[in-house]
Structure formats: C-alpha cells, structure tokens
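Need coordinates for the following:
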Amino acid sequence: MAVTVPDGRPAGVSVRQAVRADLFEVYRIEKDSFPQPWPFSAFERFLEEPGFLVAIADDAGDAGDGGIQRTVLGYVVADCVRTHGQPFGHVKDIAVHPRRRGEGVGATLLSRALDALRRQGAATVKLEVRPSNEAARALYEDFGFDRLRVVPSYYDDGEDAHVYVRPLGGEA
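This next block holds a predicted model:
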C-alpha cells in the first residue's frame, strides 16, 4: 500500500506542468505502456496545455549538483475544446511507468488533470479507453466516469474504444 500525504498524492511525488526537459522520459513511458504509442511530436504540441502534467518522484540522489534528482513517474495530457461555444474537457493520454503502477500515481494525475480542465471552464470531460485495459477502466469508473458508447475498430489494431464521460461540477 502506497503512503499518501494529506492532499491524497503518494508520498515523495509531486505534480507539475510538463516542460520540454520531461519529453524524453514521457515518450519512454508512452512506448512502454501502449502498443500504438503517440509520436514524440504529439507531446511537443501539447507542451503549453495546462492539462499536460507530469508526476515527479523526488529521490535523494546525485543530480550532479548535490541536489535532488527528479524522475518522471507518469504523465497525463488533457485539453479543452469548444463544443457549441462551451469548453469540453478531453483526457487524451495518461500513463504511469510500469514499475510505479498501483501506487496511486495515475489517480493523482487524473485528479489534477480534472482540476485543470475545471479551471478552464469545462463542465464535462470525456476519454477513450480500450475495453481490454481493465486497470484504466477501473480507475475511470472510480472517478465517476460512465461509459457513453462504443466506437467500433477505433484503434489501428481493430480494437474498439469505450468512450467514457463525467460531469466536472464537483470534486474529482
């Protein structure tokens, strides 16, 4: 069981907006997590988005200057688009380093992304997930997402996508 701090995040983990220096670690996690990873350039396009967040481990170690070494544990990419003039949130990508799964990092990232979307005025958020990704589906359902529909053959390998939605009126 992961130890958490009072705000609910795992101990020794902080979340901040992604910066260019994070992209190689983000891309490595992406490639280790998905059979059809996003290209590196996709992450570059989202760098300025308030919903592109990384979870960072503060590990005591040699950072070259005697300071703290920072390691990306996971990331989330979420943005808002206008639908009928209203901001609509979309969680596009989320992943945690394989060795750090099950520690609450994904839940922390998702919670912070939903907060970022709420601050941008989104009243609703959606995401797509593979039906075979049981861990992700369980996380989304724990956060109050409901399955809206199935998109047949959404992924390049022919697997369907489940589209999940939830309102953002209250706490994540």
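
Figure out the length between the terminal residues of stretch 17-30.
Terminal residues of stretch 17-30 lie 17 Å apart, using CA to CA, to the nearest Å.

List of residues touching it?
By CB atoms under 8 Å, 6 or more residues apart in numbering, the residues outside stretch 17-30 that reach it are 37-38, 40, 43-44, 46-47, 50, 52-54, 71-72, 74-75, 93, 95-97. Every residue, glycine included, has its C-beta placed from N, CA and C.

ok, the biggest strand by length in the chain: who's next to it in the sheet?
In the chain, taking DSSP state E as the definition, the longest strand is strand 68-83. The pairing partners recorded for strand 68-83 under DSSP bridges are strand 51-60 (antiparallel), strand 86-96 (antiparallel).

I'd like the next helix or strand past the longest one.
Sequence-wise, the next helix or strand downstream of strand 86-96 (DSSP states H and E) is helix 105-119.

helices and strands around that following helix, which ones?
Using 3 or more CB pairs under 8 Å, 6 or more residues apart in numbering; DSSP states H and E, the elements in contact with helix 105-119 are strand 13-17, strand 51-60, strand 68-83, strand 86-96, helix 134-142.

Recalculate using a threshold of 10 Å.
Under the contact criterion of 3 or more CB pairs under 10 Å, 6 or more residues apart in numbering; DSSP states H and E, helix 105-119 touches strand 13-17, strand 51-60, strand 68-83, strand 86-96, strand 124-129, helix 134-142.

now it, how far from the centre of its chain.
Relative to the centre of its chain, helix 105-119 is centred 7 Å away, using CA atoms, centre = their mean, to the nearest Å.

quick one: buried residues of that helix?
105-118 (16 or more other CB atoms under 10 Å).

Ok, stretch 76-83 next?
76-80.
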